[in-house]
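Enquirer: Please work out how this folds:
(one chain, ligands or ions: 2)
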Amino acid sequence: MLVDSHCHLDFPEIAADLDSVFALMRENQVEHALCVSVTLEDFPRVRRIAETYAQVHASVGVHPDYEKVDAISVAELVALAEHPRVVAIGETGLDYFRLKGDLEWQRDRFRTHIRAARECGKPLIIHTRSAADDTLRIMREEGADKAGGVMHCFTESAEVAKAAMDLGFYISFSGIVTFKNAKDIKAVAVEVPMERMLVETDSPYLAPVPYRGRTNQPGYVKHVAEEIARLKSADFADICRLTTNNFYQLFKHIKN
Ligand SMILES: [Zn+2]
Ligand SMILES: [Zn+2]
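Expert: Ligands and ions are numbered 1, 2, ... in the order given. Have a look, this model is predicted:
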């Protein structure tokens with residue numbers, strides 16, 4: 001059995017046909033998917049999917065790429081995270097690739113999420129792009145290790161992975177690891193121990209080979225796990241078992 005640790009089932013590219021999404025999950029033995037929130041405006045739809053389908057849980061948070069949304073507070077996030085189907089805070093983090101200029105608001109918002117995660121005892125889902133130093137610095141300053149979490153869709157160096165793992169974080173690999181030209185990420189996947197690894201699709205984007213360019217879906221996480229098994233010269237069954245165990249260990253509210 002496999003799990004998809006990060007997807008966006010509420011996005012229009014995929015939300016219209018969830019029946020076929022769940023059918024492919026069953027076919028590929030993907031037993032669970034974590035549907036990740038990107039704005040509080042969209043959160044009710046994420047929550048509804050997690051309330052409707054036993055194989056889906058939700059997170060609550062505001063993605064760093066969404067600049068023109070209302071400011072959020074720790075109290076607001078904590079209140080929304082009380083819902084029993086909400087098992088994580090995020091996705092949050094820093095993205096200096098998509099947005100430029102004075103991004104102090106992004107760092108403030110990231111701090112708010114870390115404080116909320118610590119307060120409600122639910123782990124963080126962290127997105128970081130072209131901002132590894134600030135991401136790690138803020139994680140340390142805010143005590144993110146006390147909440148734990150995952151560095152999702154990881155595309156940074158082995159050193160950044162190690163620094164995050166030293167803070168108790170998991171490293172999640174997406175379909176990017178299957179791309180021919182992603183040599184650096186493939187090398188990081190070899191370095192990260194299986195005990196700290198998760199797999200995800202980030203669907204509807206970033207479909208793995210052989211579906212690259214198509215709409216991604218949680219069932220395709222199988223191809224991410226297959227590539228990691230190949231890179232690590234490990235058994236596919238072991239990658240499935242360990243990444244699934246890691247997932248339930250991290251998102252501990254799922255099986256409680
Ligand atoms: Zn992300
Ligand atoms: Zn995402």
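
Enquirer: If you count contacts, what does the lengthiest helix in the chain end up packed against?
Expert: For the chain, the longest helix by residue count, based on DSSP state H, is helix 104-120. Other helices and strands packing on helix 104-120, by 3 or more Cβ pairs under 8 Å, 6 or more residues apart in numbering; DSSP states H and E, are helix 74-81, strand 86-95, strand 124-129, helix 132-141. Bear in mind the C-beta positions are built from the backbone N, C-alpha and C, glycine included.

Enquirer: orientation of it relative to helix 132-141 in degrees?
Expert: Using axes from the mean of the first three to the mean of the last three Cα atoms, to 10 degrees, the direction of helix 104-120 lies 40 degrees away from that of helix 132-141.

Enquirer: just to revisit the earlier point, right, so of the helices and strands packed on helix 104-120, which gets closest to Ala16?
Expert: strand 86-95 (22.6 Å; Cβ to Cβ).

Enquirer: Residues contacting stretch 67-78, please?
Expert: With contacts defined as Cβ atoms under 8 Å, 6 or more residues apart in numbering, stretch 67-78 is touched by 39-41, 60-62, 89, 99, 105, 109, 112-113, 115-116, 119-120.

Enquirer: same deal with stretch 170-181?
Expert: Residues outside stretch 170-181 that contact it (Cβ under 8 Å, 6+ apart): 5-6, 149-155, 161, 164-165, 182, 185-186, 188-189, 192, 196-202, 206-209, 212, 216, 220, 223-224, 227-228, 231, 246, 250.

Enquirer: Make JSON lines out of the helices and strands packed on helix 104-120 and add distance to Gln55.
Expert: Below are the helices and strands packed on helix 104-120 laid out as JSON lines (distance: least, Cβ to Cβ, whole Å):
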{"stretch": "helix 74-81", "distance to Gln55": "20"}
{"stretch": "strand 86-95", "distance to Gln55": "13"}
{"stretch": "strand 124-129", "distance to Gln55": "18"}
{"stretch": "helix 132-141", "distance to Gln55": "30"}
